[in-house]
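**Student:** Starting from these lines, generate the structure:
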Amino acid sequence: MFDWNAALWALLAMSLLGIAGWLLSLARRDVSIVDSLWSLFFLLGAWVHVIAQTGLTSPGPRALLLLGLLLVWSLRLSIYLTWRNWGQPEDHRYQVIRARNEPGFAFKSLYLVFGLQVLLAWIIAAPLFTALASPAPLGWVDALGAIAWLLGMFFETVGDAQLARFKSDPTQRGRVLDTGLWRYTRHPNYFGEALLWWGFFLIAIPAGGWWTVYAPLLMTLLLLKVSGVALLEQDITERRPAYADYIRRTNAFLPWFPKERA
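**Tutor:** Model prediction:
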């Protein structure tokens, strides 16, 4: 059952975190901080949802499982993105958005960047909210969800680590990472992110959350067509000509054996 009262309290908390991030971005003249906040929106929203619903007096086993998975995923992703972006100029994606929306981007970023991401996070969090509100016992579908989450976390974490190590090696500058998990998919981290959200959805199904299937579908669509693969690769072959052959040989998303080199 979906608890609207608890979900709206979660939206309020997520909005306040978004406003705090926006104020910090004004001081830094850099809205990239929203990337570090993205996973924290879900973690904060889930905790506020549980507190609003039960006062933390009797969270069920499904709520405890989800809160644990969310804590690991959210902190890992936020810490990694903060470390990756630290001391770097504003991400080029946001530089493009800033250039398109001047003058007045400082204020416009409140709703174009932070408000939009808070709203997206709240909409995508529907499987979490549905599962957190359920007293139903755990079963085999939850086990499948946990396995999907673990696989997704593996791809995301190992993919990020392999990419960070590759970028830190000056001898690899201008080259294409096509080893490790990156040999089987061009974006193991995005694939992992999508997979773990399908895991959250599976855990929501026994709680009556089948209708929230739109959430992992939307997340997968965003990663494939909007903010992930499509945006990252739109001009990458101009900067790295070898990437064209990598695209020919390697799946964009689903891991599979690569084709032979041309």
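**Student:** contacts, neighbours, all on C-alpha from now
**Tutor:** Noted.
**Student:** how does the chain divide into domains?
**Tutor:** When the chain is parsed with the TED database, its domains come out as 1-135, 137-261.
**Student:** hmm, who's touching stretch 7-15?
**Tutor:** Residues from elsewhere that reach stretch 7-15 (CA atoms under 8 Å, 6 or more residues apart in numbering): 41-42, 44-49, 52, 115, 118-119, 122, 129.
**Student:** The same query, at a cut-off of 10 Å, please.
**Tutor:** For stretch 7-15, contacts defined as CA atoms under 10 Å, 6 or more residues apart in numbering pick out 4-6, 16-21, 37-38, 40-53, 114-115, 117-119, 121-123, 125-126, 128-130, 133.
**Student:** Scan the chain for its longest helix.
**Tutor:** Within the chain, and with DSSP state H defining each element, the longest helix by residue count is helix 140-167.
**Student:** circling back to that earlier point, filter the contacts of stretch 7-15 to the buried ones?
**Tutor:** 6, 17-19, 21, 37-38, 40-53, 114-115, 117-119, 121-123, 125-126, 128-130, 133 (16 or more other CA atoms under 10 Å).
**Student:** Now, those residues that are in helices?
**Tutor:** Reading helices off the buried ones among the contacts of stretch 7-15 with DSSP H, I get 6, 17-19, 21, 37-38, 40-53, 117-119, 121-123, 126, 128-130.
**Student:** Could you report the separation of residue 45 from residue 107?
**Tutor:** 24 Å (CA to CA, to the nearest Å).
**Student:** For residue 113, give me its contacts.
**Tutor:** 18, 22, 31-32, 34, 94, 97-98, 105.
**Student:** Pick the one among these closest to residue 171.
**Tutor:** Nearest to residue 171, judged by CA to CA, of the contacts of residue 113 is residue 32 at 27.7 Å.
**Student:** The closest one contacts residue 90, doesn't it?
**Tutor:** Yes. Under the criterion of CA atoms under 10 Å, residue 32 is in contact with residue 90, at a separation of 5.8 Å.
**Student:** that older thread, the longest helix of the chain: which residues count as buried?
**Tutor:** Buried, per 16+ other CA under 10 Å, within helix 140-167: 142, 144-146, 148-160, 163, 166.
**Student:** picking that back up, so for residue 32 and residue 90, which sits in the more crowded spot?
**Tutor:** residue 32 (24 against 17; other CA atoms under 10 Å).
**Student:** tell me what the helix-or-strand element of the chain with minimal mean pLDDT is packed against?
**Tutor:** Of all the helices and strands that make up the chain, helix 236-239 has the lowest average by mean pLDDT, DSSP states H and E, namely a mean of 74. Judged by 3 or more CA pairs under 10 Å, 6 or more residues apart in numbering; DSSP states H and E, helix 236-239 is in contact with helix 243-249.
**Student:** The helix it packs on packs against which elements?
**Tutor:** helix 229-233, helix 236-239.
**Student:** As a markdown table, these with mean neighbour count and distance to residue 248 would be great.
**Tutor:** Output for these, formatted as a markdown table (neighbours: other CA atoms under 10 Å; distance: least, CA to CA, whole Å):
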| stretch | mean neighbour count | distance to residue 248 |
| --- | --- | --- |
| helix 229-233 | 15 | 13 |
| helix 236-239 | 12 | 12 |
